[in-house]
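I would like to see how this sequence folds:
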Amino acid sequence: MSSSGDMPDKPNSGVSRRNFLRGTGLVLSVPLVAGGVNVVTVEGAAVQVYGPDKVQVSLNINGQARSAEVEPRTTLLDTLRNDLDLTGAKRVCDRGTCGACTVLIDDKPVYACSVLAIDAQGRRITTVESLSSNGNLHPVQQAFVDNDAQQCGFCTPGFVMACKAFLDRNPNPTAADIERGLGGNLCRCGTYVGVRAAVAQAAKARPQRGGRRNG
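Modelled structure (predicted):
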């Protein structure tokens, strides 16, 4: 009996393993380009494949250019916290369900645990650290304090960022708008009444820009 390595492809099995590999047209070039980038040739076209080594990423965070060396699999949340010392966004569920890690990307709220840092390049990233100015709290932050809208406070930064994005889209919300608009954030302490009151207060404190817009 021949060894498994010498066994012929089974007859009448459709496409054999040998023919499949021959037909894919994939040719890998081994040389490693600086920064952990490999070059793969796919049907004659060169494609860059990042990793598994660390690569340099350049991020626009709170209006400043920041850079870090991370593995391509590293999330934006881990990059912010572990490499850039921006710890406002919190790791809780780490699977995009609780909202504690909410940041803004191009003014839209996103879960930082579900975005790769390498994919956030070229985008405008805003974190909770940017909201206060000269020792003065942002109206949303102040409203959270005034309405006791936090208990343990762990989810609060994500709520604040989600509230800011919500009010940017909907400056004159109804109570139903607020409840629906913050549905992507969870508070294990159950401070939803305070959060909704904080959003209502912040909406009144913001400069009004014309008629109501639904977010």
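
strands along the protein, start to end?
According to DSSP state E, the chain carries its strands in the segments 26-33, 37-42, 45-50, 55-61, 64-70, 102-105, 108-111, 124-126.

look up how far Ala205 lies from the residue nearest to Phe154 when sequence neighbours are not counted.
Nearest non-adjacent residue to Phe154, counting by CB to CB, 6 or more residues apart in numbering: Lys90, 5.5 Å away. C-beta here means a position set from N, CA and C on the backbone, and glycine is covered the same way. Distance, Lys90 to Ala205, using CB to CB, to the nearest Å: 25 Å.

and the pLDDT for the residue nearest to Phe154?
Here the pLDDT value assigned to Lys90 is 97.

what residues are up against it?
100-101, 154-155, 157-158 (CB atoms under 8 Å, 6 or more residues apart in numbering).

and Val195, what is it in contact with?
Counting by CB under 8 Å, 6+ apart, the residues that Val195 touches are 144, 147, 149, 159, 163, 182, 187.

neighbour-wise, which of those residues leads?
Cys163 (29 neighbours; other CB atoms under 10 Å).

wouldn't that residue be in contact with Ala202 here?
Yes: between Cys163 and Ala202 there is a contact at 6.7 Å, judged by CB atoms under 8 Å.

pLDDT score for the nearest residue to Ser114 once chain neighbours are set aside?
Using CB to CB, 6+ apart and skipping the chain neighbours, the partner closest in space to Ser114 is Gly96 (3.9 Å). Looking at Gly96, its pLDDT is 94.

equivalent analysis for Thr75, please.
For Thr75, the model assigns a pLDDT of 97.

now Leu26
In this model, Leu26 is scored at 45, pLDDT.

my read: the residue nearest to Ser114 touches Tyr111, true?
Yes: look at Gly96 against Tyr111 with CB under 8 Å: they come within range, at 4.4 Å.

more neighbours, these two?
Neighbours per residue, other CB under 10 Å: of Gly96 and Tyr111, the larger number sits with Tyr111, 24 against 14.

what is the least confident helix or strand in this protein?
The helix or strand of the chain with the lowest confidence, counting by mean pLDDT, DSSP states H and E, is strand 26-33 at a mean of 44.

give me the contact list for stretch 100-115.
75-77, 80, 89-96, 99, 120, 123-128, 154-155, 157-159, 161-162, 164-166, 168, 184-186.

how about 6 Å then?
The contact list for stretch 100-115, computed with CB atoms under 6 Å, 6 or more residues apart in numbering, reads 75-77, 89-90, 92, 94, 96, 123-127, 155, 158, 161-162, 165.
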